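Engineer: next input, structure requested:
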Amino acid sequence: MSYDVVALVAERPDEQAMVNALQDVDPELRLHLHGDTDVLQIRREDGRLLATLEPGQKVERPDDVVRLLGEDVVAGLPEPYWWMETRARPDEQGREVAHRFADGLALRLGGAVWTSGSAEFDLWEEPEHPAIERTADRALLVAQDRDVVPFSSWLSDAVATHGRERTLQVLTPATTRLTYAARTFLAGSAGRWVVQGKDGGHFDGLTGLAVHWDETYGFRPVKEPAGPNWAQKHPDAAPVSGFLADFAETAGTHLVVDVSVPHRDPFTPELGRATQIITEHLAGAEPSVWGPHEPALLAWDRARIVESALGRRPRPWILYLSGPLGPGPAFSGQFRLSWRGRQVLERISVIIGFENENTVPFEALPTLVETLAGEGLLGALRVRRLPGRGDLTYEPVWTGPAVPVGMAIGPEHLLRIGPGAAQAGPIPGVLLGEGDQQSVWYPVLEDAAAPLRALELAQRQSAYLSASA
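Structural biologist: Down below sits the predicted model:
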């Protein structure tokens, strides 16, 4: 269901508050528990589904809410407050019920209401999941008519419950932007960003290629891109008009830092500490919020993260984070936890937005590597840069490839291959630290005019390190 309404309320929206608000809308409406999830559904007496409600979530810090919905919506709300989202049937009755229900909650509990666009995509079918508009044999389609689309609990649950053998496709208007987390997922093999153009046609938001609906694979292009030289072999497969805009000439710079951290202590792993080191070195602040989806609503607390992770063991987990609102560079990211026996592997990806390339603290990267290794929090590290908006959202335009800035290996990898071999690859390595905490930093060519050269160097270095190990 694609029409979204969020009620931000000062008091907890318990079951009685929801029943009362629904009675104010129409006494004939009924709340039903959705079978596969913990969400509630609003249905008419004849069973027709009108809207789906997610249980209220406590907002401990508003940073991520402000980023997604704007400052005006949260103005005057106390802290903490509660987030309650409704997805309505995208027709007149569904939208009206969702509006009146959210307004009733805000009136009874105090608060404000935010709404998405009208979501008139004309693709909705009776869904098998409350987030899904339409299904194909091997794809799930979710429509989102909002300015910024996050990797929300709705998307996360749709993937977890129905995405094992299906790709997740998110359909948006051309004016929509994605968060880093949403774009990262949709750029992978299990996702696709579908954009509806002003002419009513559809195209892939990452490649610009026109797509059409297929009952087996969902939205897909006539020829699926594959391989580094695919465009040269298919010169007729051009992006839609306007996709190749001069975005990079006016955009800022995004710095993406990916780190793998093997934790040896199974009882008190230092989860989140490496993320703090990264953001403090490069953005001057630690994360402010975290959570299992976006918006991240929990105040940053590494002890709670560790407790929650140990409670889920051995199931893998993905967590999302954002930095505090303020004058410093914006940052967000995610970290994935997976268990290997009694040990946990933490894979971190942090993105930081800078006004331009001249303001990126490239000189801080060797110190960052040395600090991570010194605290036993470095397996491997990779840093890339690419053009991007200061608010860390992504438009459906071509930004160019992510260009490598550098990479590093931690003490364990260095011990396996030795310092001599570690410094003798395609990229001369810089040995950092002392004793058993040494690491190696590999600065890649930073010539913006030769990104393919930087990509080729990074690939050769990675292959060399793998072979040496």
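
Engineer: name the residues that touch stretch 41-48?
Structural biologist: Applying CB atoms under 8 Å, 6 or more residues apart in numbering, the external contacts of stretch 41-48 come out as 22, 28-34, 49-53, 97, 101, 130. The C-beta positions use only the backbone N, C-alpha and C, and glycine is treated the same way.

Engineer: er, stretch 445-465 actually
Structural biologist: Residues contacting stretch 445-465 (CB under 8 Å, 6+ apart): 357, 362, 382, 400-401, 403-405, 407, 409, 413, 417, 422, 425-427, 442, 444.

Engineer: taking the residues you listed one by one, which sit in strands?
Structural biologist: Judged by DSSP state E, strands contain the following of the contacts of stretch 445-465: 382, 403-405, 407, 409, 442.

Engineer: mind putting these into JSON lines with pLDDT?
Structural biologist: Formatted as JSON lines, the ones in strands among the contacts of stretch 445-465 follow (pLDDT from 0 to 100):
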{"residue": "382", "pLDDT": "97"}
{"residue": "403", "pLDDT": "91"}
{"residue": "404", "pLDDT": "94"}
{"residue": "405", "pLDDT": "94"}
{"residue": "407", "pLDDT": "96"}
{"residue": "409", "pLDDT": "96"}
{"residue": "442", "pLDDT": "96"}
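
Engineer: and these, which is closest to residue 184?
Structural biologist: In terms of CB to CB, no member of the ones in strands among the contacts of stretch 445-465 lies closer to residue 184 than residue 382, at 14.2 Å.

Engineer: neighbours of that closest one, just the number please.
Structural biologist: 20 (other CB atoms under 10 Å).

Engineer: now do the strands in the stretch 51-200 of the chain.
Structural biologist: Along the stretch 51-200 of the chain, counting by DSSP state E, counting those that start in this stretch, strands occupy 57-59, 81-88, 111-115, 134-136, 139-143, 148-149, 167-173, 177-179, 191-196.

Engineer: surely residue 77 and residue 111 touch.
Structural biologist: Yes. If you go by CB atoms under 8 Å, residue 77 and residue 111 touch, sitting 6.3 Å apart.

Engineer: quick one, which of the two is more surrounded?
Structural biologist: residue 111 (26 against 18).

Engineer: where does this structure have its least confident helix or strand?
Structural biologist: When the helices and strands of the chain are scored by mean pLDDT, DSSP states H and E, helix 230-233 comes last with a mean of 58.

Engineer: note down every partner strand of whichever strand or helix holds residue 253 and its orientation.
Structural biologist: Assigned by DSSP states H and E, residue 253 belongs to strand 252-263. According to DSSP bridges, strand 252-263 has the following sheet partners: strand 343-354 (antiparallel), strand 380-388 (antiparallel).

Engineer: adding distance to residue 321, write those out as TSV.
Structural biologist: Below are the strands paired with strand 252-263 laid out as TSV (distance: least, CB to CB, whole Å):
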stretch	distance to residue 321
strand 343-354	8
strand 380-388	18
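
Engineer: quick one: which of those strands is nearest residue 245?
Structural biologist: Among the strands paired with strand 252-263, strand 380-388 sits nearest to residue 245 (CB to CB), with 11.1 Å.

Engineer: next secondary structure after that closest one?
Structural biologist: Immediately after strand 380-388, counting by DSSP H and E, sits strand 393-394.

Engineer: run the angle between the strand holding residue 253 and strand 403-409 for me.
Structural biologist: If you take axes from the mean of the first three to the mean of the last three CA atoms, to 10 degrees, strand 252-263 sits at 20 degrees to strand 403-409.

Engineer: so who does the spatially closest residue to residue 65 that is not a sequence neighbour touch?
Structural biologist: Nearest non-adjacent residue to residue 65, counting by CB to CB, 6 or more residues apart in numbering: residue 295, 5.2 Å away. Contact partners of residue 295, counting by CB under 8 Å, 6+ apart, are 64-65, 67-68, 83, 150, 152, 289, 322.

Engineer: could you rerun that using 10 Å?
Structural biologist: When contacts are counted by CB atoms under 10 Å, 6 or more residues apart in numbering, residue 295 touches 6, 57, 59, 61-69, 83, 148, 150-153, 179, 289, 320, 322.

Engineer: sort out for me which of those residues are in helices.
Structural biologist: 63-69, 153 (DSSP state H).
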